[in-house]
Structure formats: C-alpha cells, structure tokens
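Peer 1: Requesting a structural model of the entry that follows:
(chains A and B)
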Amino acid sequence: MKIIIPDLNLPYFYNMAGCLQSIVSNPGIEIELMLWNPQMKPIIDVFDERSPDIIFMHEQLLNPAFNVMLQEFDCRYILAAGKPYPELHRQPDVILTNESSLPNFSSSDKIALTTPAADVSSTHNAQKDERLSSDVLVITHSNMQLDDNMLFMMDYLCSTYRTKIVGDTAVNGPHYLGRINPIERIGFIKSSKLLIDFGSSEFLDASFVKTPSLLYGPLANSKFKRFQTLKELKEHADQLLEDEELRKEYANQCYQQIIQEGLTYHNQCSNLFTLLEEPHIARALLDTLKELTS
Amino acid sequence: MIGIIKDTLQPLAKDLMAIENLNQLNDNNVNSYLFCNGVAPSFPLEINTTVLQKAQVLDFNGIVLTDDLMVAQELVNLPYALKRYLYFYDLDWKYINNFSFSHISNLLFHDNIDIIVRSKSHYNLVESLFKKPSYIMEEWDYKTLKEIDQNA
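Peer 2: Okay, here's the model as predicted:
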C-alpha cells in the first residue's frame, strides 16, 4: 500500500508519518511511505509516478489538478481542513480537523480529531543528558501567548530553582537558552526533574518519558497537577522537587494516564486507519505502541 | 603568556578595561598579546602590549581569552593554544537575535573551552545553566589574568 504525506512543515503530518514509519517493517504490513514536497513536484506527477493508495492532503493543496487525479485514480484521501472543502469528484475518506471546526463539516463526513498527543516514535528512547539537566524546564512554542502573569511566574521559577527555558518564543532573561531541535527537546525533557506547561502541551511527551509536569490553567486535565496562582505553583513545585519518591510516583501516574487514555499519536493514527477500514494497519500501530511501552 | 582575541577594538567599557589591564599585566612582566583586526580611531587608551593580526592567534601557544561569543567560535580551532577561555563579560547569549541552543551548546560544553565570569551571581547562573566557570574575574582584572597565567 502506497501512502503519501505532504511535507508541509505541519507537526501533525510528521507525527502520522512517524507512526506509520514505525510499522513499515512489521511482518504482514506492506506499506510504502513517501513524503512529498508540493513545492518541488506537482500533484499530477506524484500520482503518475507513484499511484498512491492513500494520500494525506491539506486544504491549501486542493486544486483542479487534484480533482482530475481523483477521477483518474482509485486513491483514498485524508483531508486536513478547518473550513468546508470545495466540491470535489469524491468527498474525503476521512477529515482531520480540530474540535472548534467540527460545525464546518456534515454528519456524513468521517472525522478524526487532531488533538495534541504524546509522540511515542521520537520519545520512546529518550536519554538523560547531564548538559541539558535542570530542576525546572519550560518550553515555549511559537503560537504561545505569554501574558504578564505567566512571565511573572517564570521569573519566580528562574529566581528560585535551577530553571531552563527553551523554545520558539524568546523570553527576556539569561535563563532562556534559545530555540531547540526535536532531539534537544526530548533530551531537555528527559533530563529535567519537573516540566512546567504554560499551554504548550509538552506535558504529554514529558509524561510519556516519565518527567512529571505541572499544568497552568483551568482547562488542564484533572489527573495532572495544575496551578493558576503563584502560590499553587510554589506549593506543587516545592513538594515535587523536595520529595523524590513523590515525584517518581506522580511521574508514573502521568505516564499511566497517557497510556490508558490513549493519548498518543499511535492511538490517533490507529483510529484514523480504523476509519479508513484498514484494521490490520490499525492493529499493527497499537501492537507497536504496546511493544514500545512494555 | 596571555593572548586576548578581539574583532575590532571599540571605545566600549569591556574593551577599555581589557586594554587597561593588559597594559598592567605587561607592567607586571607577564607576556601579553592582543590579537585583533583593527582599533577604532576613537579608542582613547594607549596600547602598551604586542598587537598582532587576529589570524596570527593560530600560531599562538599561550593562554587565549575572548569576551566575544562570535569570536569564541574560533577558539576550538586553535591548534597550539595552551588554554582557551571564554570570558562572559556580559551574558551575551541574551542579545543574539533568533538564536538557537546549538549556537552556544557546542561552544560552552566543549571540553577544551573554559569559562570565566565577572561576578559571583554570574558564576551561580552559568554553573546552573552550563558548567562550572574556572574563574571569577572582575572587569578583566590583571591580577586574575596573572593568576590564570601562573596556574597554566
């Protein structure tokens, strides 16, 4: 089965590619996975050269050429979209979207929700690195809105604990150590005693590698320790940093929560292929997840 | 032998202090060198030490120091230097536009590059973020430079 995923610098597509890549060598799974750069190769050539069985598409890539391909090739497609899609020769086999965009699609559409999840493929063999170690770690993202309250709390963390701040959004102060690549990112997470999540969803990967997290805000998962005020942050952080046994116990709880609630991209990818009526791929993904987490 | 590498000497506090103390070092009979590509016309101090082109540091077999994070990238390439120091006169990485951790990590965690800081608070910070600095040196203090030379 030939599966094509566009190389659009979209984390979700990379995550799906990572999940599928983890099963290409499984016995009985015959997947040929290809990343396609839309800037370098037109979609007509992709279909002519590769004859994909499944193609991931993004709404920005939809054009008349793709519609012609749908007519000529027997190819299923998964469409990542936030707004209603134009009329095409065939409707998407599955739509990838977020919860807020659900009203844009009809009840006849098969929907797979894209939500942040733990990236098992790239984190399962995370190693500690003394150079990246910290007591408290904060990772900022490019789409994060850091308000004064969050910055104030970060100042507190920097002045009280051995804190490192990394990520796409620069924070004023010497504790900010710059942007990081995915390998450095997981090294920082694994080497930290405590991750403070100000809305970056890093707690998911952190929980998977058994680094405890504190989540900021009222919408956080209730099983994870959360804080909204400086007092709450201080109480939780002091408790977890001072008591190693408590920290380990909490880290294990977070990890179990991720596994039991299926909060990994492998679970999401498996659901996607269940919707595509490919149960053997769906099962292989879950089996691989089980192997990686055993 | 102490050698300080600078790109271009400017009438900035850190360059003024560097030259003032390099001159004092020279007066205290410690061989000292300045490797730079130029001196700004407005630089007010007399330079009473050996001044050489920056490229000549490649042949230098003494102790090499710089307070410039960009120049420090070249420290790892010095084949004959006895010791290599990066002096955090300011916490420079804060001022790099669009910077990545990899810009500084290869340098600051390098086994052959040691760090000098300017104060106890900088010492604590750099130790927690990167590695233990080797010295605390206030404003290019020539006495600390002398100590560095003697300890080598």
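Peer 1: Torsion angles phi and psi at residue A:170?
Peer 2: phi -70, psi 140 (degrees, to the nearest 10).
Peer 1: need the contact list for it.
Peer 2: Applying C-beta atoms under 8 Å, 6 or more residues apart in numbering or on different chains, we find residue A:170 in contact with A:140, A:176. C-beta here means a position set from N, CA and C on the backbone, and glycine is covered the same way.
Peer 1: Same check on the one 10 residues further on?
Peer 2: By C-beta under 8 Å, 6+ apart, the residues touching residue A:180 are A:139, A:166, A:167, A:188, B:100, B:101, B:102.
Peer 1: at 6 Å what do you get?
Peer 2: Listed by C-beta atoms under 6 Å, 6 or more residues apart in numbering or on different chains, the contact set of residue A:180 reads A:166, B:101.
Peer 1: in chain B, which spans are helices?
Peer 2: Assigned by DSSP state H, the helices in chain B fall at B:13-27, B:69-72, B:101-108, B:120-129, B:142-151.
Peer 1: Dump those to TSV, plus mean neighbour count, mean pLDDT and distance to chain A.
Peer 2: As requested, the helices of chain B are exported to TSV (neighbours: other C-beta atoms under 10 Å in any protein chain shown; pLDDT from 0 to 100; distance: least, C-beta to the nearest C-beta, whole Å):
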stretch	mean neighbour count	mean pLDDT	distance to chain A
helix B:13-27	19	93	17
helix B:69-72	18	88	12
helix B:101-108	18	88	4
helix B:120-129	16	95	5
helix B:142-151	17	94	22
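Peer 1: Now distance to residue A:272 too, for those helices, in a markdown table please.
Peer 2: Listed next are the helices of chain B as a markdown table, based on distance: least, C-beta to C-beta, whole Å:
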| stretch | distance to residue A:272 |
| --- | --- |
| helix B:13-27 | 57 |
| helix B:69-72 | 46 |
| helix B:101-108 | 33 |
| helix B:120-129 | 41 |
| helix B:142-151 | 61 |
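Peer 1: mind checking which of these is nearest residue A:270?
Peer 2: helix B:101-108 (33.8 Å; C-beta to C-beta).
Peer 1: how many other residues sit next to residue A:150?
Peer 2: For residue A:150, the neighbour count with other C-beta atoms under 10 Å in any protein chain shown is 19.
Peer 1: Look at it and give its secondary structure.
Peer 2: Assigned state for residue A:150: helix (three-state reduction, DSSP: H, G, I helix; E, B strand; the rest coil).
Peer 1: Test my guess that residue B:38 contacts residue B:9.
Peer 2: No - Residue B:38 lies out of contact with residue B:9 (C-beta atoms under 6 Å); the separation is 7.1 Å.
Peer 1: What separation is there between the residue nearest to residue A:284 when sequence neighbours are not counted and residue A:17?
Peer 2: Counting by C-beta to C-beta, 6 or more residues apart in numbering or on different chains, the nearest residue to residue A:284 once its immediate chain neighbours are dropped is residue A:23, at 4.6 Å. Separation of residue A:23 from residue A:17 (C-beta to C-beta, to the nearest Å) stands at 12 Å.
Peer 1: same check, this time on residue A:170
Peer 2: 29 Å.
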